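Visitor: Sequence plus the predicted model coming up.
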Amino acid sequence: MSAHSTAIGVSSKRGVWGGGNEPLKASYGKLMMWFFLLSDIFTFAAFLITYLSIRVSYPAYAGPAKEFVGSNEYWPIPELVFDAIPFVHGVHAPLVFVGLMTFILIASSVTMVLAVEAGHRNDRNDVVKWMLWTLLGGITFLSCQAWEWNHFIHGSEAGAVLNYINGISQNVTETVFGANLLVNEYGPASFANLFFFITGFHGFHVTIGVVLLFMVFYQAAVGVYDRRGHYEMVEKVGLYWHFVDLVWVFVFTLFYLI
Amino acid sequence: MDIQENKSTLNVVPRNDDKIKKIWKTALILLAITTAEFVMAFTMPRGIILYVLFMALTIWKAKYIMMEFMHLGDEVKPMIYSILVPIVFLFWLIIVLIKEGSDIFSLRWF
């Protein structure tokens, strides 16, 4: 509706504060997505800054990397914890798998931006094609993360001998395999807790993202957006998907590199 | 409208190769930075210099994702600032909590 069709018939020359205009030159949906993402930035920042804070409160492992054994006395070196790849047993491949996951997520972000670009051109075939690639990237990433978690929870064959307070407040010394919220073979309990909560919360976002991607893929394919007259939904879901990638970039640096 | 045909009623604009090229260029930059980080993790000694470099490269990547992929750079100025300015407060939180964490370290281990 244009300003001319309002009942009171205000002048179209009214100023910025007169209402009925878009000072930010973006639609309601896009703005709300941006402000939701801003709030999500704070949520993830809380997680990651907590990680930093707890991390610096523990001593780092100082010995030679070859002799590294997990202990709750010091923080582990991430490349020695995340050094496994699927289907190959017992091979030391530090950060290779998580590097692959990062590439997959960045690639799916690229195909998403190509879908958004196709949406600007009302090109349904291109939108459907790129949405399908993005969907595939998202599902692959989630599958990788499922494997990563599985491996992290089950741990190595050797395990680590730890002294810790168990669930019924007893001080025990025993060999620990893998990780749970109480104790883990890699480092202090907070290490596994932060891993589960940060990558878990991110994975939860990816899961929601995959659902949204599928919805957009489907609606684009059956021509909902053609009938609606615009492809803005692709753009809005695109913003969310890029955000998921953005968060992963920080998780990758803070969790796996530093 | 003929449902079975399901044809687009919108005008399809032909591809603008420059735009698509720019997207792939940004993607290449992101991949290059990630690869550089990966190499640095294994070749450089661990320490504050490496961590600062990692953070700088990460923020650089974040800039590309937000400005190019999320098209924040194409929005109007007030919109850009309403998203970026609140994030400034996080830098305060980072400094304060790292200080707090290292104080806990001193109390716990010395």
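Guide: Alright, I've got the coordinates.
Visitor: for the lengthiest helix in chain B, packing partners?
Guide: Determined from DSSP state H, the single longest helix within chain B is helix B:77-109. Helix B:77-109 makes packing contacts with helix A:28-56 when contacts are defined by 3 or more Cβ pairs under 8 Å, 6 or more residues apart in numbering or on different chains; DSSP states H and E. Every residue, glycine included, has its C-beta placed from N, CA and C.
Visitor: The helix it packs on: which residues count as buried?
Guide: By 16 or more other Cβ atoms under 10 Å in any protein chain shown, the buried positions in helix A:28-56 come out as A:30-31, A:33-34, A:37, A:40-41, A:44-45, A:47-56.
Visitor: and it, is it in reach of chain B?
Guide: Yes - taking Cβ under 8 Å from any Cβ of the partner chain as the criterion, helix A:28-56 and chain B are in contact, through A:31, A:34, A:38, A:41-42, A:45, A:49-50, A:52-56.
Visitor: Next, count neighbours for the residue nearest to A:Ile41 when sequence neighbours are not counted.
Guide: Distances taken as Cβ to Cβ, 6 or more residues apart in numbering or on different chains place B:Ile87 nearest to A:Ile41, at 6.4 Å, with adjacent residues excluded. Neighbour count for B:Ile87, taken as other Cβ atoms under 10 Å in any protein chain shown: 13.
Visitor: Quick check: the gap between B:Ile87 and A:Leu194.
Guide: With distances defined as Cβ to Cβ, to the nearest Å, the gap from B:Ile87 to A:Leu194 amounts to 22 Å.
Visitor: any weak-confidence spans in the stretch 101-250 of chain A?
Guide: Screening the stretch 101-250 of chain A residue by residue with the criterion pLDDT under 70, one finds no matching range.
Visitor: which bits of it sit near chain B?
Guide: Within the stretch 101-250 of chain A, the positions near chain B by Cβ under 8 Å from any Cβ are A:102-103, A:106-107, A:109-110, A:112-114, A:116-117, A:120-124, A:126, A:222-223, A:226-227, A:229, A:238-239, A:242-243, A:245-246, A:249-250.
Visitor: Show the subsequent helix or strand relative to whichever helix or strand A:Ala146 is part of.
Guide: Element membership of A:Ala146 [criterion: DSSP states H and E] is helix A:124-154. Toward the C-terminal end, the helix or strand that comes next after helix A:124-154 (DSSP H and E) is strand A:160-165.
Visitor: which helices and strands sit right next to that next one?
Guide: The criterion is 3+ Cβ pairs under 8 Å, 6+ apart, and the helices and strands that strand A:160-165 contacts are strand A:171-176.
Visitor: ok and the strand it packs on relative to strand A:160-165, angle-wise?
Guide: Inter-element angle recorded for strand A:171-176 and strand A:160-165: 150 degrees (by axes from the mean of the first three to the mean of the last three Cα atoms, to 10 degrees).
Visitor: In three-state terms, label B:Lys12 for me.
Guide: You called it Lys, but residue B:12 is Val. When states are read from DSSP: H, G, I helix; E, B strand; the rest coil, the local structure at B:Val12 comes out as coil.
Visitor: Return the distance of it relative to chain A.
Guide: From B:Val12 across to chain A, the span is 5 Å (Cβ to the nearest Cβ, to the nearest Å).
Visitor: Good, we can wrap up now.
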